[in-house]
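**Q** the amino acid sequence is not available; the structure is as follows:
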């Protein structure tokens, strides 16, 4: 069964959470795009970010977790914050959950590499693997921006409220669509990886598809671990880690980004089939919400 506190979360605050998250992030990021404020420097020919750019990028990036904490406090008080913290340190996920956390990113990376090789493309050793000391900084960066900056909101606050309305699959599609759309401004912010790709319409489409697929995986983990936010944080980290290392190995262009999105959909389809008894179950308020 879901924890009683999760059931008690009910329907309160969901749309206010989305509104607050988008307001904070989009005000910061669209301002950067509109005024040409660099937000990253992922290539030598990209402009170096100024302090204001880094600050605005960070504020927007941390908005999901900031909003999640604020809305949890608003609707559940200190008890809700303690429960949120408990879910962030719920490390005992079970073998199947940890297998998904580590195996899905590896398999997706393997598909990308295989397609690149079959297309006659070249691969290179990622710089952090050639210079392992760089892995420390990379790990800290990838843990802070994405896993920690987002998951206290997406999975810590929004997911249970979506599950109280709809089943697992529909909740995944709604949250995945919102999560993907949330990234839209960074495709226009100078210096970001997404802006460097070069075609915001096509590249955003591939990215959006992949985000929806990955959200289904996140939902499987959420259900399988009874709402553990740590599972979401760790999976977000492993997914970003694998994707970053592959991106450092080759630039496969739009084809690679489409392959990435489709491989996420493939992983989602497998997990929906495996967990179909809960993905298509009535809303969580109507009964059990765990995968056994």
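**A** Great, that's in hand. Here the structure is a predicted model, which is why all the values come from computation and not from measurement.

**Q** show me the contacts for the residue nearest the centre of the chain.
**A** The C-alpha lying nearest the average C-alpha coordinate of the chain belongs to residue 236 (Cα atoms, centre = their mean; 5.4 Å). Going by Cβ atoms under 8 Å, 6 or more residues apart in numbering, residue 236 touches 146-147, 150-151, 218. Quick note: C-beta positions are derived from backbone N, CA and C, even for glycine.

**Q** quick one: buried residues of stretch 248-256?
**A** For stretch 248-256, burial by neighbour count (16 or more other Cβ atoms under 10 Å) applies to 248-250, 252, 256.

**Q** hmm, back to that, could you look up the SS state of the residue nearest to the centre of the chain?
**A** The three-state label given to residue 236 by DSSP: H, G, I helix; E, B strand; the rest coil is helix.

**Q** please report the distance of it from residue 179.
**A** As judged by Cβ to Cβ, to the nearest Å, residue 236 and residue 179 stand 11 Å apart.

**Q** just how off-centre is stretch 207-222 within its chain?
**A** Centroid separation for stretch 207-222 versus its chain: 8 Å, with Cα atoms, centre = their mean, to the nearest Å.

**Q** which residue ranges form the helices in the stretch 101-250 of the chain?
**A** Secondary structure of the stretch 101-250 of the chain (DSSP state H, counting those that start in this stretch): helices located at 127-130, 134-143, 149-153, 159-163, 168-182, 193-197, 200-224, 229-249.

**Q** does residue 92 sit in a helix, a strand or a coil?
**A** At residue 92 the chain is in coil, as set by three-state DSSP.

**Q** which regions of the stretch 1-150 of the chain sit below the pLDDT cut-off?
**A** For the stretch 1-150 of the chain, the stretches flagged by pLDDT under 70 are 1-11, 41-48.

**Q** at 90 what do you get?
**A** 1-12, 39-50, 127-134, 137 (pLDDT under 90).

**Q** returning to that earlier point: grab the nearest non-local neighbour of the residue nearest to the centre of the chain.
**A** Once flanking residues are discounted, residue 236 sits nearest to residue 147: 3.9 Å by Cβ to Cβ, 6 or more residues apart in numbering.

**Q** how many other residues sit next to residue 155?
**A** By the criterion of other Cβ atoms under 10 Å, residue 155 has 28 neighbours.
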